[in-house]
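Q: could you work out the structure for the sequence below:
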Amino acid sequence: MVKMTPLFMFLFLSATKELVRGGCTPCDSPPPPCKSCVQPPVHVREGEMAVLQCPLRTTRAGHREGNLTLAWSNHSGPGDLQEPAVWRSEDTLIILRVSPNEQGSYSCSLLDASGQALRTAWFNITVFSGQCYTQMDVYASTCYLRQSCEKLICTSDSIQQNFTKHNYTWYKNCDTELPSDFGDGYLTSASESDSGYYTCTSYYTYNSNLHDEQVFTLSRTMKRTVKEGSSQVKPQIIGPRDGEVIKVDMGSTVVVVCKAVLSSDFDSLSWMENRSFVEENKETLPVFYNNSKENGHHQASLVIRQVSEEQLTNTYTCQVESPSGNINVSITFQQTSPPQFHFLVLGIVGVFAVTVVMVTVVYVKLKVDIILFLRDDLCWHHHNVSDGKRYDAYVLCYKSDTESGVSEEDRRQVEEVLEEEYGYSLCLYDRDVLPGEAVAEAVLGCIEQSRRLILVPSSLGLNPGQDSKYGLLTGLHAALVERKTWLVLIQTESAPDSQVDLELDSLPEALRLLAQSGHTVTWRGSHSKPLSSPFWKELRYRMPARTRRRPPKDDRTIL
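A: Here you go, the predicted model:
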């Protein structure tokens, strides 16, 4: 045996160390001896998306103190790595529709402040056409006869948030489109016919004005082989999905079924509320769960008897405890949005309420005009001619103890307009009372045959023969009370409320109270003379429906 000297040993170890250092280290390791690394080849079907993810992003996080940038390069030709052909972020490059011209080498480099490449990762894109997959880019999965098969993974999570995934389609051996109930390909009992190549094609839209409504695709192929034998079944949770948000109604009962495959009798399936275990088979509690088994699957049904605000803030976790390791799937609850018909009902109620308010306001403001139009113009109010009354109103003047009062000219104008313009039948003392008739009896007779009594204050003398004031007013009181004749009191604008009270003080107390409870219309002198003034509307409103039609327009007297 040759004895090695210490010098020889030193030289041998040094040479071996240099040989070992000659290779490339992983891209994410700290300060590398080599400045580049090669990524696995990328095989893309023509017309689909190519996704390149730079592994140097973790290295950059370790160099935060430096002014470093990440740059992408195309070494396969003159292709420009800009929109609309590609989309890129700091660490991801996506070619939206790959063509044979874009086949070749690409790289991402970590540059320092001077633009010098510190590290570089290389990619090689191979574009194929025809068949929906290439053997160089197939993921293998092995199942055993009459045993369960694991889920098939459709696509990776490398697609950025700028893309929206809409749906996906499964194909078997490229030519058979599988039905939607194929789901994620999980099988409870595999058979030989389940062997084959399964291709999942996902459909995305790119959230950009340059690609409005355009759909882009990305495919992934897995080879499933079913053979004789047996394998150790791994526990897994089939549903619900981790992070799933379940819509619920407040106050409703909710049942969430957690379905799992257990590998042995030592495995257990349970629910947790936040960090506390939920009680099993405790139906008296607000939250509990029940265990069952169906079609070879173990099920834990979480029951929430009545959803409250507390449940909306909690996280519920379905957990499989196994000697091989625990598996957790967490879900949360979210209150459902009110149905659209609720908004419709609220809208209808709101419109109805606004309409009622508007109609009420309009009616209050235009009440007099509306009633006059319906009653006098459209004749909707049927006057009862069998009430035994001969006149619509009796106009009675009384002596005012104050200077305010209606002049003789204005009083006659009121009488003429009511009769000639508006067609009312009036009983006037100086016209309809026979000469020599007793005043009290004549006045009482006029009141008895009239539907309204119009009291007009006058600063002048009263009608002839009214000297027996006490007897007249006593009889007037009896007529008003017993015969239910309505009273209309005309006052002047110049008379304040105190003066009106003084005018009525001269009447007996019972008659004064009766007059105060009647309807008051204010005469404003020249402002009340036009037929469009509020005085005539108010007076007509207090009058009964006309017993005769208004005279033709040519015969009307315009004051």
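Q: going forward, measure contacts between C-alpha atoms and count neighbours the same way
A: Fine.
Q: hmm, which helix or strand of the protein has the shakiest average pLDDT?
A: Within the chain, no helix or strand scores below helix 6-21, which has a mean of 38 by mean pLDDT, DSSP states H and E.
Q: isn't Leu152 up against Gly185?
A: Yes: applying CA atoms under 8 Å, one finds Leu152 in contact with Gly185, separated by 5.5 Å.
Q: neighbour count: these two, which is higher?
A: Using other CA atoms under 10 Å as the criterion, Leu152 and Gly185 rank with Leu152 on top: 19 against 16.
Q: quick one, phi/psi of that one?
A: Main-chain torsions, Leu152, degrees, to the nearest 10: phi -100, psi 130.
Q: contacting residues for it?
A: Leu152 makes contact with 184-186, 222, according to CA atoms under 8 Å, 6 or more residues apart in numbering.
Q: and what of Cys143?
A: Going by CA under 8 Å, 6+ apart, Cys143 touches 149-150, 190, 224-227.
Q: cutoff 10 Å now
A: 149-150, 187, 189-192, 194-195, 224-231 (CA atoms under 10 Å, 6 or more residues apart in numbering).
Q: so which bits of stretch 430-440 are buried?
A: 433, 439-440 (16 or more other CA atoms under 10 Å).
Q: in helices only, show me those.
A: Judged by DSSP state H, the buried residues of stretch 430-440 include 439-440 as members of helices.
Q: out of the buried residues of stretch 430-440, which is nearest to Thr485?
A: For these, the minimum distance to Thr485 (CA to CA) is 16.7 Å, reached by Ala440.
Q: which parts of the stretch 101-250 of the chain are strands?
A: Ranges of strands within the stretch 101-250 of the chain are 104-111, 117-128, 138-144, 163-172, 176-177, 196-206, 215-227, 236-239, 244-248, based on DSSP state E, counting those that start in this stretch.
Q: could you give the angle of the first one to strand 117-128?
A: To tie it back to what came earlier, the one meant is strand 104-111. Interaxial angle of strand 104-111 relative to strand 117-128 (axes from the mean of the first three to the mean of the last three CA atoms, to 10 degrees): 160 degrees.
Q: so the protein: which segments form each domain?
A: The chain breaks down into these domains under automatic domain parsing: 33-128, 135-227, 240-335, 339-381, 382-555.
Q: could you dump the ones you listed into TSV and include mean pLDDT?
A: Shown next, in TSV, are the domains of the chain (pLDDT from 0 to 100):
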stretch	mean pLDDT
domain 33-128	80
domain 135-227	84
domain 240-335	90
domain 339-381	83
domain 382-555	72
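Q: so what does the top helix by length along the chain touch, helix or strand wise?
A: If you go by DSSP H, the chain has its longest helix at helix 340-372. Counting contacts by 3 or more CA pairs under 10 Å, 6 or more residues apart in numbering; DSSP states H and E, helix 340-372 packs against helix 534-542.
Q: and the helix it packs on, what does it pack against?
A: With contacts taken as 3+ CA pairs under 10 Å, 6+ apart, helix 534-542 sits against helix 340-372, strand 450-458, strand 486-492, strand 519-523.
Q: and with 7 Å instead?
A: helix 340-372, strand 519-523 (3 or more CA pairs under 7 Å, 6 or more residues apart in numbering; DSSP states H and E).
Q: give me whichever of those is most buried.
A: Of the helices and strands packed on helix 534-542, the one with the most neighbours on average (mean count of other CA atoms under 10 Å) is strand 519-523, at a mean of 18.
Q: direction included, what does that one pair up with?
A: Strand 519-523 pairs in its sheet with strand 486-492 (parallel), by DSSP bridges.
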